[in-house]
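A.B. asks: Sequence plus predicted model, see below.
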Amino acid sequence: MIHARRWLAGLAVIVFVAAACGTGGPGASAGLTKVRLQLQWVPQAQFAGEIAAKAEGYYAAEGLDVTFVDGGPNVANITVGCAKDGPEFTLGWVPKALVAVEANGGKDCDLVSIAQIFQRSGTRSVSWKESNITGPANFKDKKVGVWDFGNEYEVTAGAKKAGLTVGTDYTRVIQAFDMSALLKKDIDVAEAMTYNEYAQVLEAKNPATGQLYQPEDLNVIDWNTEGTAMLQDAVFARKAWLDQTGNADVATKFLRATFKGWIFCRDNAAKCVDYVLAAGTTLGKGHQAWQMNEVNVLIWPSPDGIGITSQTAWDQTIQIALDFGVLKAQPAQGAFRNDLAQAALQGITGDTKGTSFQKGTVEVTEGGN
Amino acid sequence: MTGRWTRRLRDFAPAIVVFIGVIAALELIAAALDLQQFILPRPSAVVKAFVEEQARIQRSAGNTLYEALGGLVIGVTAGVLTAFAIARWARVREAVLPIAVGASAIPIIAAAPIMSNWFGILNPFAKMAIVILLTFFPMVVNVARGLSQVDESALELMRASAASDGQILRKLRIPNALPYFFTGLKIATTLSLIGAVVAEYFGGSDDVLGRVIVQSSSSLRFDITWAAISVTAVAGILMYVLAVGVERLVIPWHASQRVAET
């Protein structure tokens, strides 16, 4: 009898604690509101703004205690972000999120883009100079590498725009998340992000010369200029969560601190690289310095202020997604909103547009160390 | 004949009832709790996805089966040959067995990208290599045991009758090893599909079950994911059943088979 009562008491405590933890909403702890941010990948300079916002105390100043949830090759960040008890904020690419929302009828996944961090696409298709592939039309009869986690649309859309059909005109090859297939010349073209895999090629030694590969050894197709670029890193939140009282305010505060972090990294790139390294990245300092430099180019200048989604860029993303069968129908009204980002920009003193931003130069180091 | 079939049906009836029951329960639970589609899609949605995506799933299943079967044939053949060598020469046993044990300890997830680099990301052999790594070891261990652990008295009798080594091998060791071989083969059939799908996670051709699973799950089409997983499982079961069928044909005299018949 006594045992049973003790068991019941224990059970009650467990249930109570679980209920307290499981509310998912903002619970006050030490005066700070706890929120989680699902990163798109492992910690790296791609998220330097968020990492700096935490390190510089911008989140705390807004009354937020932000926990980063790591992503990586085996984490479907959008799936995690869709979950009803998932992180409050998710960093992800716009088309991938839209596909997830559409596939679930907007009911099981109701992510809304609340800030467009990257204004430009960092996706490139890289090939060796001697293959003479300067545009998607040259993909004919080639082995074209892409990543298939929803990261391939810009490349496949570009090929389709050039009149090529996958399978008959070119072979679509699924790349691993490194550049070895291109380095081995196993594939003719490789998809690469300017801030990551492109650098990995330049960080490798050319066995013919014994020196690092040079940009002159490569042809690079920029999907921004080919007209099939799509919006990438954006901050998403669940509509149901945003609609709860007080959460729009939490989101605004989160965005304000995040924007400040990115402004800080624009003006203090070296300091941000240190913060990223301290956050436990697996890649070396040289690689992170390169990445910081390239990521800044994707954000700055932000003509309407950092975080504001350009209707033109949004429409292009949707149009490509529709044209190439990525989406079946126009996303519902309110798939992105600028009001929270606008409110966040209020109260930031300093340059939120970076009109006079100039790209820095970063020396490539072997192996990115 | 009919009596045998009804008996067989009676044997399988409980399993069939449980299977249908679980499917129905999943359908009801998913509907009643209004579960998010990516947590548990309804079985009916999975069937619908299978019908819609049949062309791609079929094509992918063919390619994945090719990798699995190719790797299985090579892995089993190499395993059996190695087992014969091990059973015959102690030197080979000392030299090869530690390496075989070591090979079996390699996490295949670590080996998959390396195989892609060695053999080419589009080469099906890169995927087969993973299947070979997985299936080789159970074959070596099982067959080697079957060849060496023969009845001592039977061996003495044959020696006393001046049987040659070749005769002992044919008439005693190989028949003794057959049940062990089939035990290894049955393990290897299911391992081969697991190996092929895992290897496909690390890039290569587009039209394979592993990629269907990765691509559909990353766009939250878990109905397609479950359809592809079901096809993989059915293929694995069919290969297993095939191995059991061959076993029944080859060693109907073995005790394990007689038990199954009663």
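C.D. replies: Received the coordinates, thanks. The structure presented is a predicted model; accordingly, all values stated were derived computationally and were not measured.
A.B. asks: Close to chain A: what parts of chain B are there?
C.D. replies: Applying CB under 8 Å from any CB of the partner chain, one finds that chain B approaches chain A through B:36-38, B:113, B:116-117, B:120-122, B:202-206, B:211, B:214-215, B:217-221. No exception for glycine: its C-beta is placed from N, CA and C like everyone else's.
A.B. asks: Buried only: go through those residues for me.
C.D. replies: Among those, those classed as buried by 16 or more other CB atoms under 10 Å in any protein chain shown are B:36-38, B:113, B:116-117, B:120-122, B:202-206, B:211, B:214-215, B:217-221.
A.B. asks: tell me the SS of whatever residue of the stretch 251-369 of chain A ends up closest to chain B?
C.D. replies: Closest contact between the stretch 251-369 of chain A and chain B, by CB to the nearest CB, is at A:Val326 (9.0 Å). With DSSP: H, G, I helix; E, B strand; the rest coil as the basis, A:Val326 sits in coil.
A.B. asks: If you tally nearby residues, what's the number for it?
C.D. replies: Counted with other CB atoms under 10 Å in any protein chain shown, the neighbours of A:Val326 add up to 22.
A.B. asks: Give me the spatial nearest neighbour of it, chain neighbours excluded.
C.D. replies: Once flanking residues are discounted, A:Val326 sits nearest to A:Tyr153: 5.2 Å by CB to CB, 6 or more residues apart in numbering or on different chains.
A.B. asks: show me what contacts the one you found?
C.D. replies: By CB atoms under 8 Å, 6 or more residues apart in numbering or on different chains, the residues touching A:Tyr153 are A:95, A:228, A:230, A:320-321, A:324, A:326.
A.B. asks: and it, how far is that from A:Lys205?
C.D. replies: Between A:Tyr153 and A:Lys205 the computed distance is 33 Å (CB to CB, to the nearest Å).
A.B. asks: burial of B:Tyr201, as a residue count?
C.D. replies: Applying other CB under 10 Å, I find that B:Tyr201 has 19 neighbouring residues.
A.B. asks: correct me, but it touches B:Gly210?
C.D. replies: Yes: with contact defined as CB atoms under 8 Å, B:Tyr201 counts as touching B:Gly210 (5.3 Å).
A.B. asks: For whichever strand or helix holds A:Arg266, list every residue counted as buried.
C.D. replies: Using DSSP states H and E, A:Arg266 sits in helix A:247-267. For helix A:247-267, burial by neighbour count (16+ other CB under 10 Å) applies to A:247-248, A:250-266.
A.B. asks: Flag the shaky bits of the chain, pLDDT-wise.
C.D. replies: Reading this off chain A. Residue ranges of chain A with pLDDT under 70: A:1-30, A:74, A:106.
A.B. asks: Can you look at chain B instead?
C.D. replies: B:1-2, B:255-262.
A.B. asks: Residue ranges of each domain in it, please.
C.D. replies: Domain ranges of chain B: B:1-35, B:41-261, per automatic domain parsing.
A.B. asks: Could I get those domains in CSV, plus columns for distance to A:Leu182?
C.D. replies: Output for the domains of chain B, formatted as CSV (distance: least, CB to CB, whole Å):
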stretch, distance to A:Leu182
domain B:1-35, 42
domain B:41-261, 10
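A.B. asks: Thank you, goodbye.
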